[in-house]
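K.L.:
just need the structure, nothing else, for what follows:
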Amino acid sequence: MASILNNRAETINFSSLNDYYEFIGYLCTPNRVVSIDAEVPSNLVKQFLANYPKGHYRIKPNPVTPSGLPKKFGAQFRINLRNITNHPLSISKYLKRGTGTTVVKRINKSKLVEDLVLNHGFVFGNMQNVTHIKSLVPKQYVTDFDKGYNL
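P.N.:
As a prediction, the model looks like this:
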(Lines give C-alpha, C1' and ligand atoms only; values in the text may rest on other atoms or scores of the structure.)
Protein backbone atom coordinates (compact mmCIF):
# COMPACT_ATOMS: atom_id res chain seq x y z
CA MET A 1 0.00 0.00 0.00
CA ALA A 2 1.41 3.34 -1.02
CA SER A 3 0.98 6.22 1.41
CA ILE A 4 -1.15 9.12 0.26
CA LEU A 5 0.90 11.50 2.39
CA ASN A 6 3.34 13.79 0.68
CA ASN A 7 6.97 14.37 1.67
CA ARG A 8 6.00 17.34 3.85
CA ALA A 9 4.03 15.15 6.29
CA GLU A 10 5.61 14.87 9.74
CA THR A 11 5.66 12.63 12.79
CA ILE A 12 6.78 12.88 16.41
CA ASN A 13 10.12 11.29 17.14
CA PHE A 14 9.74 9.87 20.63
CA SER A 15 12.93 9.39 22.66
CA SER A 16 12.14 5.71 23.20
CA LEU A 17 9.58 3.03 22.44
CA ASN A 18 8.62 3.23 26.12
CA ASP A 19 7.53 6.85 25.57
CA TYR A 20 5.71 5.91 22.35
CA TYR A 21 3.67 3.17 24.00
CA GLU A 22 2.93 5.45 26.95
CA PHE A 23 1.55 7.94 24.41
CA ILE A 24 -0.56 5.20 22.79
CA GLY A 25 -1.97 4.30 26.21
CA TYR A 26 -2.63 7.97 26.89
CA LEU A 27 -4.68 8.22 23.69
CA CYS A 28 -6.75 5.21 24.76
CA THR A 29 -7.88 6.80 28.04
CA PRO A 30 -11.68 7.20 28.02
CA ASN A 31 -12.84 10.67 26.93
CA ARG A 32 -9.35 11.66 25.79
CA VAL A 33 -9.72 11.57 21.98
CA VAL A 34 -12.66 13.17 20.20
CA SER A 35 -11.68 11.72 16.82
CA ILE A 36 -8.90 10.85 14.47
CA ASP A 37 -9.52 12.91 11.35
CA ALA A 38 -8.54 12.64 7.74
CA GLU A 39 -8.90 15.56 5.36
CA VAL A 40 -8.42 14.22 1.88
CA PRO A 41 -8.13 16.25 -1.33
CA SER A 42 -10.75 15.18 -3.87
CA ASN A 43 -8.09 13.80 -6.20
CA LEU A 44 -6.85 11.35 -3.50
CA VAL A 45 -10.18 9.94 -2.25
CA LYS A 46 -9.95 6.68 -4.27
CA GLN A 47 -6.43 6.02 -3.01
CA PHE A 48 -7.48 6.85 0.58
CA LEU A 49 -10.36 4.37 0.40
CA ALA A 50 -8.07 1.72 -1.10
CA ASN A 51 -5.72 2.15 1.89
CA TYR A 52 -8.43 2.56 4.54
CA PRO A 53 -11.65 0.95 3.21
CA LYS A 54 -13.69 1.87 6.29
CA GLY A 55 -11.93 5.15 6.93
CA HIS A 56 -14.00 8.19 7.81
CA TYR A 57 -12.79 11.29 6.00
CA ARG A 58 -13.73 14.76 4.85
CA ILE A 59 -13.17 15.70 1.25
CA LYS A 60 -11.26 18.92 0.74
CA PRO A 61 -11.59 20.51 -2.66
CA ASN A 62 -8.32 20.67 -4.49
CA PRO A 63 -8.29 24.35 -5.50
CA VAL A 64 -5.37 25.88 -7.32
CA THR A 65 -3.42 29.07 -6.82
CA PRO A 66 -3.49 31.81 -9.49
CA SER A 67 -0.33 30.26 -10.95
CA GLY A 68 -2.04 26.86 -11.32
CA LEU A 69 -0.35 25.07 -8.40
CA PRO A 70 -2.49 23.07 -5.98
CA LYS A 71 -3.24 24.74 -2.64
CA LYS A 72 -3.62 21.36 -0.95
CA PHE A 73 -0.71 19.05 -1.69
CA GLY A 74 -1.84 15.98 0.19
CA ALA A 75 -4.02 14.43 2.83
CA GLN A 76 -3.83 15.72 6.39
CA PHE A 77 -4.40 13.46 9.37
CA ARG A 78 -4.83 14.70 12.94
CA ILE A 79 -5.77 13.65 16.43
CA ASN A 80 -8.47 15.80 18.04
CA LEU A 81 -8.23 15.77 21.83
CA ARG A 82 -11.09 16.38 24.26
CA ASN A 83 -8.74 16.94 27.19
CA ILE A 84 -5.00 16.95 27.79
CA THR A 85 -4.97 16.42 31.54
CA ASN A 86 -1.64 14.97 32.71
CA HIS A 87 -0.39 14.63 29.14
CA PRO A 88 3.06 13.09 28.60
CA LEU A 89 5.70 15.82 28.42
CA SER A 90 6.98 14.27 25.18
CA ILE A 91 3.96 15.66 23.31
CA SER A 92 3.76 19.15 24.89
CA LYS A 93 5.25 21.06 21.98
CA TYR A 94 3.04 19.21 19.46
CA LEU A 95 -0.27 20.16 21.05
CA LYS A 96 -1.83 22.75 18.77
CA ARG A 97 -4.87 24.96 19.22
CA GLY A 98 -8.20 23.14 19.20
CA THR A 99 -11.35 24.11 17.39
CA GLY A 100 -13.58 24.93 20.34
CA THR A 101 -14.95 23.46 23.55
CA THR A 102 -15.10 19.86 22.31
CA VAL A 103 -11.65 19.81 20.70
CA VAL A 104 -9.33 21.57 23.14
CA LYS A 105 -6.06 20.60 21.38
CA ARG A 106 -4.96 18.82 18.23
CA ILE A 107 -1.90 16.92 17.12
CA ASN A 108 -1.27 17.65 13.44
CA LYS A 109 1.32 15.00 12.58
CA SER A 110 0.03 13.00 9.63
CA LYS A 111 2.82 10.39 9.56
CA LEU A 112 2.26 9.71 13.26
CA VAL A 113 -1.46 9.20 12.68
CA GLU A 114 -0.77 6.97 9.68
CA ASP A 115 1.49 4.80 11.85
CA LEU A 116 -1.15 4.57 14.59
CA VAL A 117 -3.77 3.50 12.04
CA LEU A 118 -1.64 1.09 10.03
CA ASN A 119 0.32 -0.53 12.85
CA HIS A 120 -1.43 0.01 16.18
CA GLY A 121 -5.15 -0.61 15.65
CA PHE A 122 -6.44 2.96 15.61
CA VAL A 123 -9.08 3.93 13.05
CA PHE A 124 -10.20 7.16 11.45
CA GLY A 125 -13.34 8.38 13.18
CA ASN A 126 -14.45 8.73 16.77
CA MET A 127 -14.65 5.13 18.00
CA GLN A 128 -11.45 3.35 19.01
CA ASN A 129 -11.33 -0.30 20.12
CA VAL A 130 -9.02 -0.04 23.13
CA THR A 131 -9.02 -3.80 23.72
CA HIS A 132 -7.78 -4.38 20.17
CA ILE A 133 -5.21 -1.59 20.38
CA LYS A 134 -3.81 -2.93 23.65
CA SER A 135 -3.66 -6.47 22.20
CA LEU A 136 -1.19 -5.16 19.60
CA VAL A 137 1.19 -3.72 22.21
CA PRO A 138 4.33 -5.88 22.55
CA LYS A 139 4.47 -7.50 26.00
CA GLN A 140 7.58 -5.56 27.04
CA TYR A 141 5.67 -2.25 26.58
CA VAL A 142 2.34 -3.11 28.25
CA THR A 143 3.51 -1.42 31.48
CA ASP A 144 4.24 1.77 29.49
CA PHE A 145 0.83 1.56 27.80
CA ASP A 146 -0.85 1.17 31.20
CA LYS A 147 1.13 4.10 32.59
CA GLY A 148 -0.12 6.34 29.77
CA TYR A 149 -3.66 5.02 30.07
CA ASN A 150 -3.73 5.88 33.76
CA LEU A 151 -2.26 9.42 33.49
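K.L.:
buried ones in the top helix by length along the chain?
P.N.:
Taking residue count as the measure and DSSP state H as the definition, the longest helix of the chain comes out as helix 17-28. Of the residues in helix 17-28, those buried under the neighbour-count criterion (16 or more other C-beta atoms under 10 Å) are 18-28. Every C-beta, even on glycine, is put in place using the N, C-alpha and C of the backbone.
K.L.:
can you list contacts of it?
P.N.:
Helix 17-28 has contacts (C-beta atoms under 8 Å, 6 or more residues apart in numbering) with 12, 14, 32-33, 79, 87-88, 90-91, 116, 120, 122, 128, 130, 133-134, 137-138, 141-142, 144-151.
K.L.:
one more: stretch 129-141?
P.N.:
Here stretch 129-141 makes contact (C-beta under 8 Å, 6+ apart) with 17-18, 21, 24-25, 28, 119-123, 142, 145.
K.L.:
re the thing from before, among the contacts of helix 17-28, name the ones in strands.
P.N.:
Under the assignment DSSP state E, the contacts of helix 17-28 contribute 33, 79 to strands.
K.L.:
tell me the buried residues within the contacts of helix 17-28.
P.N.:
Buried residues within the contacts of helix 17-28, defined by neighbour count using 16+ other C-beta under 10 Å: 12, 14, 32-33, 79, 87-88, 90-91, 116, 120, 122, 128, 133-134, 137, 141, 144-145, 147-149.
K.L.:
how about low-confidence regions in this protein?
P.N.:
Using pLDDT under 70 as the threshold, the predicted model of the chain has low-confidence ranges 1, 60-73.
K.L.:
ok, which stretches of it are helices?
P.N.:
In the chain, the helices defined using DSSP H lie at 17-28, 45-51, 110-119, 130-135, 142-149.
K.L.:
about what we covered before: among the contacts of stretch 129-141, which pair sits farthest apart?
P.N.:
Asn18 and Val123 (24.5 Å; C-beta to C-beta).
K.L.:
name the nearest residue to Arg82, ignoring sequence neighbours.
P.N.:
The shortest distance from Arg82 to any non-neighbouring residue, by C-beta to C-beta, 6 or more residues apart in numbering, is to Val34 (4.8 Å).
K.L.:
nice, that's everything, thank you.
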